[in-house]
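>>> predicted model and sequence below, questions to follow.
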Amino acid sequence: MIQDKTKLQEYQDEWKGVRGFQAKVQRHLNVPWGIFGSNTHELRNISHNLVLLFAFSVLEGVLKQLQDEGKFKRTRNRLGEIMAASKSAIQWLDYDMIDKAREDRNGIAHRQTIIERKKCWEYIDAIESELVGWQILSTPIPFKH
């Protein structure tokens, strides 16, 4: 769906980074921390919340690129407004879930709320499904939950 092949490759690489970082977080949080004790539940959640912020950064960049390419009318730069403007021009698989995820993302970014890592994984998977549906990614990148 993105016409600019350089930008398309950048977003594909960024998404690989999201999934790679997610796997590293998961791998490192599954081992004990020696003298520092074991991982806390909250630390695990915080780590995955940060990955979710990265995932939304990719989604926002893709939507702005599509907007710049004229796929839908230019609007303000806030993610919620960009998503709403794209709704009639882009086929979303689950707009409502992504919008709920955006609200939770705003809580993380602006109010330091923390959501459970399982919910982060669901949101990241949903964002990835949208990127596949929009032909930004050719296939999902596997992640073991």
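Nice, I can see it.
>>> helix or strand: which one has residue 70?
Using DSSP states H and E, residue 70 is not contained in any helix or strand.
>>> touching, residue 12 and residue 137? I think so.
Yes - applying CB atoms under 8 Å as the test, residue 12 and residue 137 come out as touching, 6.2 Å apart. For the C-beta atoms, the positions are set from N, CA and C on the backbone; glycine is no exception.
>>> more neighbours, these two?
Neighbours were counted for residue 12 and for residue 137 using other CB atoms under 10 Å; residue 137 has more, 21 against 18.
>>> hmm, the more buried one is touching residue 131, no?
Yes - Residue 137 lies in contact with residue 131 (CB under 8 Å); the separation is 4.6 Å.
>>> shared neighbours of the two, anything?
residue 15 (CB atoms under 8 Å, 6 or more residues apart in numbering).
>>> any idea how far the one residue sitting closest to the centre of the chain is from residue 89?
Note on the chain: the residue nearest the mean C-alpha position is residue 55, at 2.2 Å, using CA atoms, centre = their mean. According to CB to CB, to the nearest Å, residue 55 stands 22 Å off from residue 89.
>>> what does residue 73 give?
8 Å.
>>> please apply the same query to residue 48.
Taking CB to CB as the measure, residue 48 falls 31 Å from residue 89.
>>> so those two - more neighbours on which side?
residue 48 (23 against 12).
>>> chain center to stretch 78-87: distance?
15 Å (CA atoms, centre = their mean, to the nearest Å).
>>> list of residues touching that stretch?
Contacts for stretch 78-87 (CB under 8 Å, 6+ apart): 56, 59-60, 63-64, 66-67, 71-76, 92, 95, 98-99, 102.
>>> list the buried ones in it?
Residues 79, 82-83, 85-86 are the ones in stretch 78-87 that count as buried (16 or more other CB atoms under 10 Å).
>>> need those in JSON lines with secondary structure, distance to residue 2 and pLDDT, can you?
As requested, the buried residues of stretch 78-87 are arranged in JSON lines below (DSSP: H, G, I helix; E, B strand; the rest coil; distance: CB to CB, whole Å; pLDDT from 0 to 100):
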{"residue": "79", "secondary structure": "helix", "distance to residue 2": "18", "pLDDT": "95"}
{"residue": "82", "secondary structure": "helix", "distance to residue 2": "15", "pLDDT": "96"}
{"residue": "83", "secondary structure": "helix", "distance to residue 2": "17", "pLDDT": "97"}
{"residue": "85", "secondary structure": "helix", "distance to residue 2": "17", "pLDDT": "96"}
{"residue": "86", "secondary structure": "helix", "distance to residue 2": "13", "pLDDT": "96"}
